[in-house]
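A.B. asks: Need coordinates for the below:
(chains A, B, C and D)
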Protein chains: 2
Amino acid sequence: MDDETAPQKGTVTQRAIERIKAMIGEGLLEPGQRLPTERDLAAQLGISRSSMREAIRALTVLGVLEARHGSGIYVTLLEAGDLLETFGVVADLSRGPRLVELLEVRRILESTATALAAARISEEQLAEVERHLAAMNATDDPEEIIAHDLAFHRVIAAAAGNDTMAAILEGLSSRTFRARVWRGYQEEGAFARTRREHAAIHRALAAHDPEAARAAAAAHVGEVEEWMRAQLGP
Amino acid sequence: MDDETAPQKGTVTQRAIERIKAMIGEGLLEPGQRLPTERDLAAQLGISRSSMREAIRALTVLGVLEARHGSGIYVTLLEAGDLLETFGVVADLSRGPRLVELLEVRRILESTATALAAARISEEQLAEVERHLAAMNATDDPEEIIAHDLAFHRVIAAAAGNDTMAAILEGLSSRTFRARVWRGYQEEGAFARTRREHAAIHRALAAHDPEAARAAAAAHVGEVEEWMRAQLGP
DNA sequence: CCAGCAGGGTGGTCGGACCACTATGAGCCG
DNA sequence: CGGCTCATAGTGGTCCGACCACCCTGCTGG
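C.D. replies: Numbers count the residues shown, from 1 in each chain, chains lettered A, B, ... in the order given. Below you'll find the predicted structure:
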């Protein structure tokens, strides 16, 4: 009786998901705000707690809600990182031709991000880039190399000043994805080449030369892209 | 007792999600394949059906699984569209500065996609582009205009030959997102300008001129981007 | 041979019970 | 009086068992 709309479309849980999303979209629920308890929410929408829990779980994995055991359910800050975390799942589960497509997207975004970074990067950020570059060349532990490689690009993406783009790139370079590609890639002695490419990117950043940065980054990702394309062909 | 690993990390449901994701990642579960029943899966992992249902629901909203009432649970084809559908949620819930960031990402991807399309588009696809262009100019029903506008760009994205990129762009132009922006945008008489920009994009496509297409698409999205930036500024 | 129906199996929903954790405040100790 | 401890209420997490709605198969009867 609390509501007028009982359109019966889709499952009960699905409707609950939409309702909560709508509440947030309309500003009834502010970022960081605490929601009513599961029991109250279920009663409000006239559904069982089980169904409501499924809806909450769904919005949790989407990065919209956050459940704290013993405390309550909260709306996340709805920042880029929260919402785009699921992008990593795509990278993890993609295979074959789709990996090439993902690398193509990454090449486009990463080259632009690096170009933007060249124009905007601060001295502190540049120093951090150099730190990861040095650390990457100082060890031969693959695990560590990948970590610094990721951090290298992460700093650059952050310097580009677009959090959304940075979050997407983060997902496209998620740990497992990178490790999966590297495994076979470095077996071909691509180590030296990667090192040279990273150095080129750093040079362009230090010189604040966007065009050179774009080219260097595109070439860097493009190398991996071409290698992967070749793996699938014959 | 069935397994060796009971590391007790995170919630039971979270572990179930990871387990199923891992099964798919390792190829134990093929795309399109049917899973055991909820009851069996729950028994296999030693958890309750409720928890298993939450895990399944989570993977369902991520576009990894698909539940068919009365039939069973299936792995999706894991195509770009399946996995990137959640991208629309990001667009729906983003506001303020993040909308500008999203438009910037869209500008970068859309301009590249349009450039690729200029080189690869077929006669049939070009005809479809023209169809939507004409339909868009023939009516003044905002609903219909938006629909054809979306379709216009969708065909172009498809012609670029990168399904992943097309899926991302689809999410960035989702119905509600587009409607939300249009509402205020067209109040400023941006109609004629939009029409001109679309015509320019079509010309570049017909001429198979990638550079012109890139410029036209970038300008098109950039217009909206600038308008939105202005809305937030003062 | 085929249309129609009935049954079993599946996901969807519900309600309730109990557990694990957190936060709060009353009460104790220093 | 101030700080600490610990009981306790409230919250999300898990489990169970029942029933419903729907799909699919196979059987039945024309």
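A.B. asks: And the helices in chain A?
C.D. replies: Along chain A, the segments classed as helices by DSSP state H run A:12-25, A:38-45, A:49-61, A:80-83, A:87-93, A:97-120, A:123-138, A:142-159, A:163-172, A:175-185, A:191-206, A:210-232.
A.B. asks: So for B:Tyr74, which of the ones you listed sits nearest?
C.D. replies: For those, proximity to B:Tyr74 was assessed by CB to CB; helix A:87-93 is nearest, at 14.8 Å. All C-beta atoms are positioned from the backbone trio N, CA, C, and that covers glycine.
A.B. asks: hmm, that closest one touching chain B?
C.D. replies: Yes - if you take CB under 8 Å from any CB of the partner chain as the test, helix A:87-93 does meet chain B, through A:87, A:89-90, A:92-93.
A.B. asks: next one: stretch A:15-27
C.D. replies: Yes - using CB under 8 Å from any CB, we find that stretch A:15-27 touches chain B at A:17, A:21, A:24-25.
A.B. asks: Could you give the average pLDDT over stretch A:166-185?
C.D. replies: The pLDDT scores in stretch A:166-185 average 88.
A.B. asks: Outside of it itself, list whatever touches it.
C.D. replies: Contact with stretch A:166-185 is made by A:80-81, A:83-88, A:90-92, A:99, A:102, A:105-106, A:109-110, A:113, A:142, A:146, A:149-150, A:153-154, A:157-158, A:160, A:224, A:227-228, A:231, B:105, as judged by CB atoms under 8 Å, 6 or more residues apart in numbering or on different chains.
A.B. asks: Chain B versus the closest residue to A:Asn137 other than its chain neighbours, what's the distance?
C.D. replies: Nearest in space to A:Asn137, with sequence neighbours left out and distances taken as CB to CB, 6 or more residues apart in numbering or on different chains, is A:Arg195 at 6.1 Å. Going from A:Arg195 to chain B by CB to the nearest CB, to the nearest Å gives 28 Å.
A.B. asks: Check what pLDDT A:Arg195 gets.
C.D. replies: Reported pLDDT for A:Arg195: 92.
A.B. asks: neighbours around A:Gly233, how many?
C.D. replies: By other CB atoms under 10 Å in any protein chain shown, the residues close to A:Gly233 number 6.
A.B. asks: what's the answer for A:Gly70, then?
C.D. replies: 4.
A.B. asks: before we move on, what about A:Arg34?
C.D. replies: So A:Arg34, with other CB under 10 Å, has 13 neighbours.
A.B. asks: Same check on A:Thr176?
C.D. replies: Around A:Thr176 there are 11 residues (other CB under 10 Å).
A.B. asks: likewise A:Ile108?
C.D. replies: Neighbours around A:Ile108, by other CB under 10 Å: 21.
A.B. asks: For DNA strand C, state which of the residues of stretch A:15-27 next to chain B is nearest.
C.D. replies: Nearest to DNA strand C among the residues of stretch A:15-27 next to chain B, counting by CB to the nearest atom of the strand, is A:Ile17 at 10.4 Å.
A.B. asks: ok, that closest one to DNA strand D distance?
C.D. replies: 15 Å (CB to the nearest atom of the strand, to the nearest Å).
A.B. asks: if I look at the residue nearest to that residue when sequence neighbours are not counted, how far off is A:Thr11?
C.D. replies: The shortest distance from A:Ile17 to any non-neighbouring residue, by CB to CB, 6+ apart, is to A:Ala55 (4.7 Å). Using CB to CB, to the nearest Å, one gets 10 Å for the distance from A:Ala55 to A:Thr11.
A.B. asks: Compare those two (neighbour count), which wins?
C.D. replies: Taking other CB under 10 Å, A:Ala55 and A:Thr11 do not tie; A:Ala55 has more neighbours (30 against 14).
A.B. asks: ok so, going back, hmm, which of the contacts of stretch A:166-185 are the buried ones?
C.D. replies: By neighbour count, with 16 or more other CB atoms under 10 Å in any protein chain shown, the contacts of stretch A:166-185 hold A:80, A:83-88, A:90-92, A:99, A:102, A:105-106, A:109-110, A:113, A:146, A:149-150, A:153-154, A:157-158, A:160, A:224, A:228, B:105 as buried.
A.B. asks: For chain A, give the residue positioned nearest to DNA strand C.
C.D. replies: Closest point on chain A to DNA strand C, by CB to the nearest atom of the strand, is A:Gly70, at 2.4 Å.
A.B. asks: Give me the distance between that residue and B:Ile121.
C.D. replies: Counting by CB to CB - A:Gly70 and B:Ile121 are separated by 57 Å.
A.B. asks: Contacts only, for the closest residue in space to A:Leu65 that isn't next to it in sequence.
C.D. replies: Of all residues not flanking A:Leu65 in the chain, A:Leu59 sits nearest, at 4.3 Å (CB to CB, 6+ apart). By CB under 8 Å, 6+ apart, the residues touching A:Leu59 are A:17, A:20-21, A:65.
A.B. asks: For chain A, which residues score under the pLDDT cut-off?
C.D. replies: Applying pLDDT under 70 to chain A flags residues A:1-8, A:234.
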